[in-house]
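Trainee: coords below, sequence missing:
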């Protein structure tokens, strides 16, 4: 999440507000998905405990099951946040203001729900509803069966946040407004004022929200907030981290992992952290400077501003005793969970474009294009060994991967900056 007061305002670019148009739906019909439906669910942001990982291995090589072109005007997107998947249906919002439900096997459009502004929130799905926010200032609950509206909640400010459910409440946040908990029929139950933070992401584990905005007397902090007792447990002194961006956290047992970033001239200051989940104290930290590929010509500060519209920017993936980060530069880094020592790093000829997702023992993420005077190469999806960072497989794509790959059974789902929505599958 980004603090509005720690840097220049971050606002969606005019190009991002341009309506997306559904122009093509090529589908390749193949063998029906094997296995139980529950194995195919990915219903919350970054998966179980926000760890960006699933034990379900998906082994390359992968092939294109089908792909969907969302717009024809050729304008590059800066954001395409991850979908959620439940009972073989993909749910995601887009910059055209529409929220889509698509069959994962065929691409058949089950329904479309229209809002009054672009959607840049990450949804959550339960048995009956899917929940999401819009830049029109509302959070919505929509019936999964037919796409009809169950309720909407007006926050008065854009809702660009992760959305989740805690017991009988739905949680979401508005930019520079508040973090809300509402009942399952859309009635307000809790409001935490938020005058500072934009692009807010959080998760709930053991009744605690990580991260809530800090209390009113100290709003520039991030907090662990007990939802059952409705009280702050501890706050994180973000000024000590000296950053602009504070990533979505991942939880592993007694630890919470996160990353920070701040543009600084020709490079970025990157920070990687492990916190004690009980009191927020920093157990270890590692500070790095961004590294760029040869011939990299983009302006670093502008690229950083583009990245923060991705709600999972710098979010870690946790695999066994490793915490793996992509940070938007050309390096993938894996740290030891317990002491923060660098276990491996892999440098590429292009910048990383998405957060990582681990499936089995493979870590998947996107690389941007290579454009130099003597070489040009399209964007790619890359698989590394989570164990040692060795390269396993890669695939050229139409556009750079923006949404971290989501794994559903034999399928992998993500979107690119060329407005192409991909569904890949294992080749049998």
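Mentor: Alright, I've got the coordinates. What you are looking at is a predicted structure, and each value in this text was computed from that prediction instead of being measured.
Trainee: At the geometric centre of the protein, which residue sits there?
Mentor: By Cα atoms, centre = their mean, the chain has its centre lying nearest to residue 312, at 3.0 Å.
Trainee: Now residue 110: which helix or strand?
Mentor: strand 109-114 (DSSP states H and E).
Trainee: re earlier: identify the residue spatially nearest to the residue nearest to the centre of the chain, adjacent ones excluded.
Mentor: Residue nearest to residue 312 in three dimensions, not counting chain neighbours: residue 355, with 4.2 Å by Cβ to Cβ, 6 or more residues apart in numbering. C-betas here are computed from N, CA, C, even on glycine.
Trainee: in the stretch 101-250 of the chain, what spans have low per-residue confidence?
Mentor: Residues of the stretch 101-250 of the chain meeting the criterion pLDDT under 70: none.
Trainee: can you give me the helices for it?
Mentor: Per DSSP state H, counting those that start in this stretch, the stretch 101-250 of the chain carries helices over the ranges 238-241.
Trainee: The residue nearest to residue 312: neighbouring residues, count only.
Mentor: Neighbour count for residue 355, taken as other Cβ atoms under 10 Å: 31.
Trainee: wait, is it part of a strand?
Mentor: No. Read with DSSP: H, G, I helix; E, B strand; the rest coil, residue 355 is coil and lies in no strand.
Trainee: Do I have it right that it meets residue 317?
Mentor: Yes. Using Cβ atoms under 8 Å, residue 355 makes contact with residue 317 at a distance of 7.3 Å.
Trainee: okay, and the common contacts of these two?
Mentor: Shared contacts of residue 355 and residue 317, defined by Cβ atoms under 8 Å, 6 or more residues apart in numbering, are found at residue 52.
Trainee: Now do the contacts for the residue nearest to the centre of the chain.
Mentor: Applying Cβ under 8 Å, 6+ apart, the residues near residue 312 are 45-46, 52, 81-82, 122, 201, 247-248, 354-355, 403-404.
Trainee: check contacts around residue 85.
Mentor: Counted by Cβ under 8 Å, 6+ apart, residue 85 has contacts 40, 41, 42, 43, 91, 104, 125, 406, 408, 413.
Trainee: rerun at 6 Å
Mentor: Counting by Cβ atoms under 6 Å, 6 or more residues apart in numbering, residue 85 touches 42, 408.
Trainee: What is the burial count for residue 320?
Mentor: Neighbour count for residue 320, taken as other Cβ under 10 Å: 12.
Trainee: no no, residue 256
Mentor: By other Cβ under 10 Å, the residues close to residue 256 number 26.
Trainee: nearest residue to it other than its sequence neighbours?
Mentor: Closest residue to residue 256 apart from its sequence neighbours, by Cβ to Cβ, 6+ apart: residue 275 at 4.5 Å.
Trainee: The one you found: helix or strand, and which one exactly?
Mentor: Assessed by DSSP H and E, residue 275 sits inside strand 267-276.
Trainee: Kindly report the same for residue 304.
Mentor: Residue 304 belongs to helix 300-307, assigned by DSSP H and E.
Trainee: any idea of the mean pLDDT in that helix?
Mentor: For helix 300-307, the mean per-residue pLDDT is 92.
Trainee: and the residue nearest to the centre of the chain, that's in a strand?
Mentor: No. Using three-state DSSP, the assignment for residue 312 is coil, not a strand.
Trainee: in the sheet, who's paired with residue 394?
Mentor: residue 382 (DSSP bridges).
Trainee: circling back to that earlier point, what are the contacting residues of the strand holding residue 275?
Mentor: The contact list for strand 267-276, computed with Cβ under 6 Å, 6+ apart, reads 241, 255-262, 282-290, 327.
Trainee: Now the element after that strand, going C-ward?
Mentor: strand 282-289.
Trainee: Parallel or antiparallel, which strands does that next one pair with?
Mentor: strand 267-276 (antiparallel).
Trainee: What residues of the strand it pairs with count as buried?
Mentor: Neighbour-count burial for strand 267-276 flags 268, 269, 270, 271, 272, 273, 274, 275 (criterion: 16 or more other Cβ atoms under 10 Å).
Trainee: Out of those residues, flag the one nearest to residue 149.
Mentor: Checking those against residue 149 with Cβ to Cβ, the nearest one is residue 275 at 38.8 Å.
Trainee: Could you give the bridge partners of the closest one?
Mentor: residue 256, residue 282.
Trainee: how far away is it from residue 120?
Mentor: Counting by Cβ to Cβ, to the nearest Å, the gap from residue 275 to residue 120 is 27 Å.
Trainee: Identify the residues contacting the most far-flung residue of the chain relative to its centre.
Mentor: Here the chain reaches farthest from its C-alpha mean at residue 374, the gap being 34.1 Å by Cα atoms, centre = their mean. Applying Cβ under 6 Å, 6+ apart, we find residue 374 in contact with no residue.
Trainee: per-residue pLDDT, it?
Mentor: Note on residue 374: pLDDT of 79.
Trainee: ok, it to residue 418 distance?
Mentor: To residue 418, residue 374 is 24 Å away according to Cβ to Cβ.
Trainee: Residue 428 too?
Mentor: Look at residue 428 and residue 418: by Cβ to Cβ, they are 28 Å apart.
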